[in-house]
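Q: sequence unknown, structure follows:
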């Protein structure tokens, strides 16, 4: 708990070695101790970022506890649930989300039964398992289910923290941090910000008392707070929170690169997005390039876990290149992002199809701006997942004709407002029209995306986060963003809306 993971690892490994020898001589007496030692070893290895080694230890612990629980359910079901929870966390860290979800679900089911029989003993464990279940569901794009699990976890932790603040405030902070992410994915941004701010406030107090234990958690919460503030167009505040997260992670990664370089990369990627939102494109290029470099190194060691993150970082870097007037370099970044993400989107379209669609539209836009031909084989492969996927390859005038006139008018209004060229008397009319469109079953997701643009968001990936945008929506969003930067696209949009 005090962050002394290397010392804990040495002790955990020694315990496993001792108990393995004892269990070889007397299995019935020492298998439970060996299982417990393996579970602890897996947790220690995972804390140090050594997830493959952690997985082997955790699997062996689950296998042992499963056999023990079959013989004596009352004694060993709690230990089986704990080991499954640990296994799920490690699988999730390795990017193996389907397997992680299966382990997390089994852990929740076990803890729910145990808590029904003995609430005082097992409600804490149930809350922890629900928190992890929510994260695993969210990683697979199942946001409504993820929110339900996260909310239940927060409610349980809040009750526990009311009874014993010293013991349970850290758990409440963690659950609130996750809840904010789940709410944001469903477009409930004010509620998401409230949860994220409460998590930061709790972690700041905890880190003041115990920096070694809670600085990583504070950095994580600040990174998420930056995203939540950005969702609401509060870009200067978002930049401040994200910069603080980067500074903390840089310090932590200097001390423990294996454990904290992935977090530093994620925070740098977000920092690039925040800088892009404020038009600081050169600085955004530096932050996103550093994120890409870090993720490239991480993905070389563990492709399954880090290739999707690398694709996301390449998208952010490509967009920064595009904003900086470097369309050819942007197209190269988007193409690499597509190639990196494609196998994951083919295997799990629900989880990765949205990101693939965004990268595809950005790639086509960059190719058009650079005057280069897009990779047709790549377009076909991506198009099989996103439903055609080549709409952006057609000429601008033809692309505009695929959109209804009222939608083109709203897109033109948003672009003009973003450029500061919309007459003030039309601003409230535009906001009202977008609010009405947000209730439309077919166009509601696009309306929410355009509202985010109107609030100052510019990075397409973060604008699209949590929205069920189809290919037509993504085309409309991409053209709106292009019209903010390009007079020719704006004029075509205005002419098409007449």
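A: Nice, I can see it. On a predicted model such as this, the values are computed, not experimentally measured, just so you know.

Q: Was I right to think residue 295 contacts residue 313?
A: Yes. In this structure residue 295 lies within contact range of residue 313 using C-beta atoms under 8 Å: 4.9 Å. Any C-beta I mention is one placed from the backbone N, CA and C, and that applies to glycine too.

Q: Looking at the two, which one has more neighbours?
A: A direct count of neighbours by other C-beta atoms under 10 Å for residue 295 and residue 313 places residue 313 higher, at 30 against 26.

Q: Run through the residues that contact residue 190.
A: Residue 190 sits next to residue 232 when contact means C-beta atoms under 8 Å, 6 or more residues apart in numbering.

Q: Which of the helices or strands spans it?
A: Element membership for residue 190 (DSSP states H and E) is helix 189-209.

Q: And residue 369, by the same measure?
A: Taking DSSP H and E as the criterion, residue 369 maps to helix 349-370.

Q: so after that helix, what's the next helix or strand?
A: Remark: after helix 349-370, the chain's next helix or strand is helix 376-386, criterion DSSP H and E.

Q: How many residues are close by residue 236?
A: With neighbours defined by other C-beta under 10 Å, the count for residue 236 comes to 10.

Q: Wait, it touches residue 280, no?
A: No. Using C-beta under 8 Å, residue 236 makes no contact with residue 280, being 11.2 Å away.

Q: before we move on, back to that, buried set for the helix holding residue 190?
A: Across helix 189-209, burial judged by 16 or more other C-beta atoms under 10 Å covers 189, 192-200, 202-203, 206-207.

Q: go on, stretch 54-66?
A: 54, 55, 57, 58, 59, 60, 61, 62, 64, 65.

Q: Just give the closest residue to the fourth one, not the sequence neighbours.
A: Same thing as residue 58. Spatial nearest neighbour of residue 58, excluding adjacent residues (C-beta to C-beta, 6 or more residues apart in numbering): residue 42 at 3.6 Å.

Q: Distance from the host helix or strand of residue 319 to the middle of the chain?
A: Secondary structure assignment for residue 319, by DSSP H and E: helix 303-323. In terms of C-alpha atoms, centre = their mean, to the nearest Å, the centre of helix 303-323 is found 13 Å from the chain centre.

Q: How about stretch 470-479?
A: 22 Å.

Q: so residue 444 sits right up against residue 434, yeah?
A: No. With contact defined as C-beta under 8 Å, residue 444 does not reach residue 434; the gap is 10.3 Å.

Q: More neighbours: those two, which one.
A: Neighbour count, other C-beta under 10 Å: between residue 444 and residue 434, residue 434 has more, with 21 against 16.

Q: quick one: what helix or strand has the more buried one in it?
A: Using DSSP H and E, residue 434 sits in helix 424-437.

Q: Run through who's touching that helix.
A: Helix 424-437 is contacted by residues 410, 413, 414, 417, 422, 443, 444, 446, 447, 450, 451, 454 when judged by C-beta under 8 Å, 6+ apart.

Q: Try it again at 6 Å.
A: Residues outside helix 424-437 that contact it (C-beta atoms under 6 Å, 6 or more residues apart in numbering): 413, 443, 447, 450, 451.

Q: what sits against the third one?
A: By C-beta under 6 Å, 6+ apart, the contact set of residue 447 is 434, 437, 438.

Q: how far away is it from residue 411?
A: To residue 411, residue 447 is 11 Å away according to C-beta to C-beta, to the nearest Å.

Q: How about the last one?
A: Remark: distance between residue 451 and residue 411 (C-beta to C-beta) = 12 Å.

Q: just to revisit the earlier point, so can I have JSON lines of the contacts of residue 447 showing distance to residue 361?
A: What follows is those, written out as JSON lines (distance: C-beta to C-beta, whole Å):
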{"residue": "434", "distance to residue 361": "21"}
{"residue": "437", "distance to residue 361": "20"}
{"residue": "438", "distance to residue 361": "21"}
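
Q: pLDDT and distance to residue 49 for these - can I get that in JSON lines?
A: Formatted as JSON lines, the contacts of residue 447 follow (pLDDT from 0 to 100; distance: C-beta to C-beta, whole Å):
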{"residue": "434", "pLDDT": "92", "distance to residue 49": "44"}
{"residue": "437", "pLDDT": "91", "distance to residue 49": "45"}
{"residue": "438", "pLDDT": "87", "distance to residue 49": "42"}
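
Q: and of those, the nearest to residue 148?
A: residue 438 (22.9 Å; C-beta to C-beta).

Q: Just to check, the closest one is in contact with residue 444?
A: Yes. With contacts defined as C-beta atoms under 6 Å, residue 438 counts as touching residue 444 at a distance of 5.1 Å.

Q: next one: stretch 466-477 to chain centre, how far?
A: Put simply, stretch 466-477 sits 19 Å off its chain's centre (C-alpha atoms, centre = their mean).

Q: and the end-to-end length of it?
A: 15 Å (C-alpha to C-alpha, to the nearest Å).

Q: Buried residues, that stretch. List them.
A: 466, 467, 469, 471, 472, 473, 474, 475, 476, 477.

Q: Next step: those restricted to helices.
A: 471, 472, 473, 474, 475, 476, 477 (DSSP state H).

Q: Could you find the closest non-adjacent residue to the last one?
A: Counting by C-beta to C-beta, 6+ apart, the nearest residue to residue 477 once its immediate chain neighbours are dropped is residue 449, at 5.1 Å.
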